[in-house]
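Enquirer: Sharing a sequence plus its predicted fold:
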Amino acid sequence: MNPQLIEILEGLLFAVLWASATPATKFAVHSVDPFLLTCIRFLFVGVIMLGYSIFSRKNPLERPSRKQFAQLFILGLLNITVYMSGFLIAIKTVSAGLISLVTATNPLILILLSALLLKRKLTRAEWIGIIIALSGLVVATIPNLRHSHATLIGVIALIAGIVSLSLGAIYFSKTGLALSRTTVNMWQLLFGGLQFIPIVGLNGAHNFLRADLNFFLSFLWLAFPVSIVAYLLWLKLLHKDAVKAGIWLFLTPVLGYAMAVTILHEPLTAYGIVGALLVVAGLFYSRRKPHLPAY
């Protein structure tokens, strides 16, 4: 088969699987408390990855130092525990379509935080892209709040979670962890799952789990296609071409919104369509490279 066609199919599959996480979680919370679900999910996936690393000859287990374990613990806190807590608060009170749009702005929030914390100067294209994407979020959010498809607390919690995810990316870049991406992801999943245990304990009165077909299908989908297959595809796409890989992320808000409408039967509105288009346009525009003057 044509290598370019294979790469396109891999990118599309990644985008579809990645976008499916929100609808799958929406289904799952009918059978299990979202915090309990997340704790079980990340511990389960982390243990599978750990077991594979222990017995794999191709990708043997790397042994982090004490300092690296401390850094991985912080990554688990920022990238898993805090980020997912914001997402889980939103999952019950914010429409799946809006969650997809807000989550898609992570690269732009990362750009803003890099400017604030790392003193990185933003380009004109990045500023314009941020303004376009934020205007798209405003267009999509206000009608959701007005018609009770979202709560302000849910939206704020989701944004706080995405800020934590961006801080995790900045922290990772500053630590210079000399470990493979797979090893870093495995340990942050494990630490994130462990950190959710006390949260589940504090949430005791609200914990429930019905081991029905809906639970098993949702859980297995989140564990294997989303957490394992999509992540492996992402690493493969990054290895081939990091710039092209980033483009596939731009599809996720559109696909997420489409899944919310077709699978969860959320209303399709002009505000949602315009908001999604503006968010994607802002993301694309922010990646424009400045033109060099001709001589």
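Expert: Ah, there it is. Residues are numbered from 1 along each chain as shown.
Enquirer: Quick check: L237 vs R210, distance?
Expert: According to CB to CB, to the nearest Å, L237 stands 37 Å off from R210. All C-beta spots, glycine's among them, are computed from the backbone N, C-alpha and C.
Enquirer: For the two, indicate the residue with more neighbours.
Expert: Counted by other CB atoms under 10 Å, L237 and R210 do not tie: L237 has more neighbours, with 21 against 10.
Enquirer: now the more buried one, nearest residue through space, not along the chain?
Expert: A245 (3.8 Å; CB to CB, 6 or more residues apart in numbering).
Enquirer: buried sites along stretch 179-192?
Expert: Neighbour-count burial for stretch 179-192 flags 179, 182-192 (criterion: 16 or more other CB atoms under 10 Å).
Enquirer: what does stretch 70-83 give?
Expert: Neighbour counts over stretch 70-83 (16+ other CB under 10 Å) mark 71-83 as buried.
Enquirer: Please write out the alpha-carbon positions of that stretch in PDB.
Expert: C-alpha atoms of stretch 70-83 as PDB (Å, rounded to 0.1, in the frame of the first residue of the first chain):
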ATOM      1  CA  ALA A  70       9.900  12.600  41.700                       C
ATOM      2  CA  GLN A  71       9.700  14.400  38.300                       C
ATOM      3  CA  LEU A  72       7.400  11.700  37.000                       C
ATOM      4  CA  PHE A  73       5.200  12.000  40.100                       C
ATOM      5  CA  ILE A  74       4.800  15.700  39.300                       C
ATOM      6  CA  LEU A  75       4.000  15.000  35.700                       C
ATOM      7  CA  GLY A  76       1.300  12.500  36.800                       C
ATOM      8  CA  LEU A  77      -0.100  15.200  39.100                       C
ATOM      9  CA  LEU A  78      -0.300  17.800  36.300                       C
ATOM     10  CA  ASN A  79      -1.000  15.700  33.200                       C
ATOM     11  CA  ILE A  80      -3.400  13.100  34.800                       C
ATOM     12  CA  THR A  81      -4.800  14.000  38.200                       C
ATOM     13  CA  VAL A  82      -5.400  17.700  38.000                       C
ATOM     14  CA  TYR A  83      -6.200  17.700  34.200                       C
END
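Enquirer: ok now do the residue nearest to L237, which residues does it touch?
Expert: 11, 234, 237-238 (CB atoms under 8 Å, 6 or more residues apart in numbering).
Enquirer: now these: which count as buried?
Expert: 11, 234, 237.
Enquirer: just the helices in the stretch 51-200 of the chain please.
Expert: For the stretch 51-200 of the chain, the helices defined by DSSP state H, counting those that start in this stretch cover 66-76, 83-91, 96-104, 106-117, 124-146, 152-175, 181-202.
Enquirer: Can you tell me which of these is packed in deepest?
Expert: Across the helices of the stretch 51-200 of the chain, the average number of neighbours (mean count of other CB atoms under 10 Å) peaks for helix 96-104, which reaches a mean of 27.
Enquirer: Between helix 83-91 and that helix, find me the angle.
Expert: 150 degrees (axes from the mean of the first three to the mean of the last three CA atoms, to 10 degrees).
Enquirer: what comes into contact with helix 96-104?
Expert: By CB under 8 Å, 6+ apart, helix 96-104 touches 19, 22-23, 26, 87, 90-91, 94, 136-137, 140-141, 144, 149-150, 155, 158-159, 162, 249-250, 252-253, 255-257, 259-261, 264, 266, 272, 275-276, 279-280, 283.
Enquirer: what ranges of the stretch 1-150 of the chain fall below the confidence cut-off?
Expert: Along the stretch 1-150 of the chain, the parts satisfying pLDDT under 70 run over 1.
Enquirer: do that again at 90, thanks
Expert: Low-confidence segments of the stretch 1-150 of the chain (pLDDT under 90): 1-11, 52-63, 92-93, 95-134, 136-150.
Enquirer: Next up, the contacts around E7.
Expert: 237, 240, 244.
Enquirer: Now render the residues you listed as a markdown table, adding distance to A115 and pLDDT.
Expert: Formatted as a markdown table, the contacts of E7 follow (distance: CB to CB, whole Å; pLDDT from 0 to 100):
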| residue | distance to A115 | pLDDT |
| --- | --- | --- |
| L237 | 27 | 80 |
| K240 | 29 | 76 |
| K244 | 25 | 70 |
